Each structure stands twice: as C-alpha cells, then as structure tokens.
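[1] Predicted model, plus sequence, below.
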There are 2 protein chains.
Amino acid sequence: MTKPQDVFARYLADQNLKMTPQRRLILDTFLKQNDHLSSEELYAKVKRRDKSVGQATVYRTLKLLNESGLIEPLDFADGVTRYEMSYGESHHDHLICESCGENIEILDETIEARQEELARQHGYTLTRHKMYLYGICEKCRKKK
Amino acid sequence: MTKPQDVFARYLADQNLKMTPQRRLILDTFLKQNDHLSSEELYAKVKRRDKSVGQATVYRTLKLLNESGLIEPLDFADGVTRYEMSYGESHHDHLICESCGENIEILDETIEARQEELARQHGYTLTRHKMYLYGICEKCRKKK
DNA sequence: GTAACTGCAAAGGGTTTGCATATTG
DNA sequence: CAATATGCAAACCCTTTGCAGTTAC
C-alpha cells in the first residue's frame, strides 16, 4: 500500500499545495504516536522536535490531513477534537471510560449489519456512522 | 405521569435551589418548541417573551434541567451543544441525511442489546451512548 | 434574613484568521 | 517569481465565572 507520506504528497500536489518541512514533521510526528491525539498534544510533540513550529500550522495541517483522507476527527466529548489514522485502518467504534478516559476500540458485526439494514429501511444509503459508548471501566468502578 | 414542570420544581426543592420566573419561563419555552435547540436558540426565543433575561441564566438553567433528568445534551458536531427532552421520551439515535440535513430518530433493540453486551465484555458499565448514522436519503439520491 | 439567583461584562478554552515575511514549485 | 505557507498575535465562538445587587423561601 502507498505510504501515508506519499498519499499526503499526492494530495498536496493535486490541490496545488506545497510540501513543507513543517507539514512533513507534523505528519511524521502523528504517525509515530498514533494515539488519539488532540491538536494541542500533537503541537507539544512537534515542538519538541522543532521549537519554531507554530500552533496554527498544526491546526492547519491537521485539517489538510483530514481532507487528504489520512486521518479522521473523533469526538470523545472532552472539549477537544482528537484525530486518528483512518487510512489503511479498519473501521471501528469507541468505548470510553468517563472516569479515567481509557479508550477501547471495538467492532461488532451484528451492529454494523443492523446499521446498514436500518438505513436501508428508511430509504437511506449509508455513507458513514459514528458510535461512541460511554461508561465506567472496571478499575474506576472498584476505586470508589 | 408527573408534569415536567413538577419534576423540575421537585428537583430544585430537593437541592435547596429556588424556582424563579426566569427558570419557569426557560423550561416553558423549551417545552413549547421541543426541537433540538441550542442554548443560543433557546435564549433568542426566551428573549422574545422577556427581554430582561440574561444569556448566562439560560446556560445555567439548561445545566440544571439536564441534572434534573428532564433534558439531555446532543452532539451533532456542529460546534454547539443542543438539547432534547429525555424525560418521558424513549431513547433513540439519529439518522441524518448529509445532503438535506433531514434527521430521523431511530431505535433498534438489537443494537441496543449488543451495545450493553459489548460494554459488559470489556468490564464496562454503560452509562450512555451516541450513535449517528450519516447517509443520503431517498429524495436526495433521486435528485441527482 | 440569608442563601440562592440574576444580569452584566469580563474571562476562559479551543480554534481560526489577518498580516507581514519567508518558502516552495 | 508568483502563489502558498509560516509564525505571531489578535480575533473568534461558545460557554463559564465574578460580582454587586435582587429575590425566593
């Protein structure tokens, strides 16, 4: 499969945009720690490698990475937008602990199938979906 | 069933909080147009009935209404928090047309059950979930 | 009476934007 | 060299908070 770096380069070229050291560094940093990073967290990591990079550039680059199809915004309802790699990764949903923030990736074929079916019943063609399960994990429950 | 107004009054009394004309008006306005209102939209409607009400009071009252169990925050990822009546309403998810914005409320027992089961398997106690299905509705599909 | 509530305006947090300068293709 | 990107700081949007004065219980 094409490397993420190449996908991004390709996207930029197609849009008449330019590859820059900053964009390279930001994507690279994101790829290294492919967690569910927020823009600010990524900014901190990027800054460790190159102090001169500005916060706005990180925000702008994340937007481009999203448009290029490499990453996707997540919504953990914690006030910040987080991103995860979507290119070459299989789809999954999230199970989130409301107490400690732990985040488990889940996938259930029964649910996926029912979602398609439900949409179809309403005359919809499904393009995507978001499902977040919020709860309390075992550790946190026992702490109380 | 107990009226929403009474549920709210009861909640306030229990918490040693006070019923005020503003709180009454805000709940009343919300009940009248039980859409998926944002705080600002509600504020605009409230203001039409009483110009003297402040924006902060609407925010504060929505928080109280949520705590009382009457309403619940929604997250359509459009930058604002919206609320919908939850008291006396059955839980449901949303099927949204990406083209025209149509929003259908859906509920599927198979999915609900699987969600509980999935959480349980990971040691989680589920408190809530969000599921949004995005697609294209029949009308929009045929328009093209 | 006194704890809770109000409106106002200011502050807050995350994100975006305007601008002068620097860089890419 | 022309179009894009950059860093900085200011602006932005939605929401929360501090405060002095008001009101419900």
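    On my side now, so go ahead.

[2] what's the closest residue to DNA strand C within chain A in contact with, if anything?
    Nearest to DNA strand C, among the residues of chain A, is residue A:56, at 3.2 Å (Cβ to the nearest atom of the strand). (C-beta placed from N, C-alpha, C; glycine too.) By Cβ atoms under 8 Å, 6 or more residues apart in numbering or on different chains, residue A:56 lies in contact with nothing.

[3] Output stretch A:112-128 as PDB, nothing but the C-alphas.
    Output of stretch A:112-128 as PDB, limited to C-alpha atoms (Å, rounded to 0.1, in the frame of the first residue of the first chain):
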ATOM      1  CA  GLU A 112     -22.600  -2.900  11.700                       C
ATOM      2  CA  ALA A 113     -25.100  -5.100   9.800                       C
ATOM      3  CA  ARG A 114     -28.100  -3.700  11.700                       C
ATOM      4  CA  GLN A 115     -27.000  -0.200  10.900                       C
ATOM      5  CA  GLU A 116     -27.000  -0.900   7.200                       C
ATOM      6  CA  GLU A 117     -30.300  -2.500   7.500                       C
ATOM      7  CA  LEU A 118     -31.900   0.300   9.400                       C
ATOM      8  CA  ALA A 119     -30.700   2.900   7.000                       C
ATOM      9  CA  ARG A 120     -32.000   0.800   4.100                       C
ATOM     10  CA  GLN A 121     -35.400   0.600   5.700                       C
ATOM     11  CA  HIS A 122     -35.600   4.400   5.800                       C
ATOM     12  CA  GLY A 123     -34.500   4.700   2.200                       C
ATOM     13  CA  TYR A 124     -31.100   5.800   3.100                       C
ATOM     14  CA  THR A 125     -27.800   4.900   1.600                       C
ATOM     15  CA  LEU A 126     -25.300   4.900   4.500                       C
ATOM     16  CA  THR A 127     -22.100   6.700   4.000                       C
ATOM     17  CA  ARG A 128     -20.600   6.600   7.400                       C
END
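
[4] Break chain A down into its domains, please.
    Here the domain parsing of chain A from automatic domain parsing is A:4-85, A:93-143.

[5] Kindly check the end-to-end length of the first one for me.
    Same thing as domain A:4-85. End-to-end distance for domain A:4-85: 10 Å, by Cα to Cα, to the nearest Å.

[6] mean confidence score for that domain?
    In this model, domain A:4-85 has a mean pLDDT of 94.
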